[in-house]
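K.L.:
sequence and predicted structure below; questions after.
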Amino acid sequence: MKVLLVFVDGLGIGRDDRAVNPLISAEIPLLRGLMPGTIAASGPFSVYGREPVALSLDATLGFPGLPQSATGQTALLTGLNAAAAAGGHVNGRPTAKLKALLEGHSVYKRLLAAGKSVTFINAYRDESFEMMRDGTYPASASTVAALGAGLRLRTVQDVVEGRAVYHDITSRSLVERGYPVTEIHPRTAGAIAASIAGCHDLSVFEFFLTDMAGHRRDMNLARRVLERLDAFMGGVLENAFRTGTEEMCVVLTSDHGNVEDLSTPDHTRNPVPAVFVGVPAEMRPRLSRMESITDVSAAIVEIVCKGR
């Protein structure tokens, strides 16, 4: 079974308070229905006839303090307790110790070793490749994992030709930088992501504007970012399941909380969502036992290798 993982940076499950939680007031019917906890829709919720498995996962990794991106993303992508390996939560870019975990134990490498195909949907600007060549690129955990597994990084030309999605979903920031691309609707970007995922056993897309909006504590910006994500997920799900087959599972999860609580510019210790849409019925009990973000990668490997 194919898996499309949509990793959303800084998306926690917050309290039902529209004064601080943009997930309550934003126009996000799909996300509100998918996510568990206080913002979940009442009653059963299905997506194209498929009932999601929606979980709340602990993102603290058993350590005090606020969860951070480097350790959280490493934990998601490897299934290892990155905070334990690093001696605590690590912000920003992965340290040498975390890089070693990402390069040696990522979900990418595990699936490639099993003979499966893996891809990273995000595109990189030309400047990023130049910085990679001269050793000055500030690689995130997702980039370190992709490079460590030998994945081909997609380019702006791939965006132009409909073979990649830029991190902002719509490509607006590329247009503003002068790249010869056309801004697209988020649902169109979701359709592109689903199309790419149909050609690989595991495909991953990363969206981090949620984390940036949370740090800025800008309610209007946060709502707009979440609404863009909601439309993108609509395009993903509509196209992933339009053939009526059971051959794809779409997963949405995060590394730590942030955007769900604009009372603070910092990350939160809130649980994060893990939503599986299209998972085989026999795997639902196994998924219901997940407790931590360290459980995500093993679940993905099992779905890819054992799902129908």
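P.N.:
In hand now; what should we look at?
K.L.:
F205 belongs to a strand?
P.N.:
Yes - counting by DSSP: H, G, I helix; E, B strand; the rest coil, F205 is found in a strand.
K.L.:
L252: what secondary structure?
P.N.:
Going by three-state DSSP: L252 is strand.
K.L.:
next: the one 10 residues further on.
P.N.:
Following three-state DSSP, the label given to L262 is coil.
K.L.:
so how far is S69 from it?
P.N.:
In this view, L262 and S69 are 18 Å apart by C-beta to C-beta, to the nearest Å. Placement of C-beta: from N, CA and C, glycine included.
K.L.:
likewise G190?
P.N.:
From G190 to S69 the distance is 24 Å (C-beta to C-beta).
K.L.:
the two: who's more crowded?
P.N.:
G190 (29 against 24; other C-beta atoms under 10 Å).
K.L.:
which outside residues touch stretch 108-126?
P.N.:
Contacting residues not belonging to stretch 108-126 are listed as 77, 103, 142, 145-146, 148-156, 158-159, 164-167, 174, 177, 179, 193, 196-197, 199-206, 297, 301, 304-305 [C-beta atoms under 8 Å, 6 or more residues apart in numbering].
K.L.:
which residues of the stretch 151-300 of the chain fall in helices?
P.N.:
156-160, 172-176, 186-197, 209-216, 219-240, 284-287, 296-306 (DSSP state H, counting those that start in this stretch).
K.L.:
mean pLDDT lowest where, among those?
P.N.:
Least confident of the helices of the stretch 151-300 of the chain, judged by mean pLDDT, is helix 284-287 with a mean of 91.
K.L.:
looking at the helices of the stretch 151-300 of the chain, which is nearest to V251?
P.N.:
Closest approach to V251 among those (C-beta to C-beta): helix 296-306, 6.6 Å.
K.L.:
what number of residues lie near the residue nearest to G92 when sequence neighbours are not counted?
P.N.:
Leaving aside its sequence neighbours, G92 sits nearest to A70 (C-beta to C-beta, 6 or more residues apart in numbering; 5.8 Å). Applying other C-beta under 10 Å, we find 24 residues neighbouring A70.
K.L.:
quick check, distance from stretch 163-183 to the centre of its chain.
P.N.:
Taking C-alpha atoms, centre = their mean, to the nearest Å, one finds the center of stretch 163-183 at 19 Å from the center of the full chain.
K.L.:
that stretch: end-to-end distance?
P.N.:
15 Å (C-alpha to C-alpha, to the nearest Å).
K.L.:
possible to save the helices of the stretch 151-300 of the chain as CSV with distance to G12?
P.N.:
Shown next, in CSV, are these (distance: least, C-beta to C-beta, whole Å):
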stretch, distance to G12
helix 156-160, 30
helix 172-176, 25
helix 186-197, 22
helix 209-216, 9
helix 219-240, 12
helix 284-287, 20
helix 296-306, 15
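K.L.:
to K99, which of these lies closest?
P.N.:
helix 296-306 (16.7 Å).
K.L.:
which residues does that closest one contact?
P.N.:
1-3, 5, 57, 76-79, 106-107, 110-111, 114, 116, 201-202, 249, 251, 253, 274, 276, 279-280, 283, 286-287, 290.
K.L.:
next one: it to chain centre, how far?
P.N.:
For helix 296-306, the distance to the chain centre is 16 Å (C-alpha atoms, centre = their mean).
K.L.:
roughly how far does the residue with the largest distance to the centre of the chain sit from S128?
P.N.:
Going by C-alpha atoms, centre = their mean, the residue of the chain most distant from its centre is D134, 28.2 Å out. Distance of D134 to S128, given as C-beta to C-beta: 11 Å.
K.L.:
what of F205?
P.N.:
On the measure of C-beta to C-beta, F205 and S128 end up 17 Å apart.
K.L.:
more neighbours, those two?
P.N.:
F205 (27 against 17).
K.L.:
bridged to the more buried one, which residues?
P.N.:
Beta-bridge partners for F205, by DSSP bridges, are V6.
K.L.:
just checking, it touches V6?
P.N.:
Yes - shown here, F205 and V6 form a contact pair, counting by C-beta atoms under 8 Å, at 5.3 Å.
K.L.:
check the offset of the helix or strand L101 falls within from the chain's centre.
P.N.:
Assessed by DSSP states H and E, L101 sits inside helix 96-105. Centroid separation for helix 96-105 versus its chain: 19 Å, with C-alpha atoms, centre = their mean.
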